[in-house]
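Chemist: requesting a structural model of the entry that follows:
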Amino acid sequence: MNDEIMTLKEVAAYLKLAEKTAYRLAAEGKLPGFKVGGSWRFKRKDIDCWIEEQKKKETE
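Modeler: From the prediction side, this is the model:
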């Protein structure tokens, strides 16, 4: 299932970030996510697209 929903902890592990860093990026709107009942959630598809965008920025 490509539309998998991930928690903040899962996204932090996926991106190999500290949870605090992932939370800060999400809160600043730099990481694509949404809140459900006060908890951050992320679509894996959106995170993968975000990774590709970051890679493009590095080469520009």
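Chemist: from here on, just use CA atoms for contacts and neighbour counts.
Modeler: Fine.
Chemist: what's next to the longest helix anywhere in the chain, contact-wise?
Modeler: The longest helix of the chain (DSSP state H) is helix 44-59. Contact partners of helix 44-59, identified using Cα atoms under 8 Å, 6 or more residues apart in numbering, comprise 2-6, 31-32.
Chemist: how would you label Leu17: helix, strand or coil?
Modeler: At Leu17 the chain is in coil, as set by DSSP: H, G, I helix; E, B strand; the rest coil.
Chemist: ok so, going back, what is the nearest of the contacts of helix 44-59 to Ala18?
Modeler: Leu31 (13.7 Å; Cα to Cα).
Chemist: and for the closest one, the neighbour number?
Modeler: 18 (other Cα atoms under 10 Å).
Chemist: one step back: just put the contacts of helix 44-59 in a markdown table and tack on secondary structure and distance to Glu52.
Modeler: Converted to a markdown table, the contacts of helix 44-59 look like this (DSSP: H, G, I helix; E, B strand; the rest coil; distance: Cα to Cα, whole Å):
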| residue | secondary structure | distance to Glu52 |
| --- | --- | --- |
| Asn2 | coil | 16 |
| Asp3 | coil | 17 |
| Glu4 | coil | 18 |
| Ile5 | strand | 18 |
| Met6 | strand | 18 |
| Leu31 | coil | 12 |
| Pro32 | coil | 13 |
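Chemist: can you pull the poorly scored residue ranges out of the chain?
Modeler: For the chain, applying pLDDT under 70 flags the ranges 1-2.
Chemist: mind running it again at 50?
Modeler: Low-confidence segments of the chain (pLDDT under 50): none present.
Chemist: lovely, talk soon.
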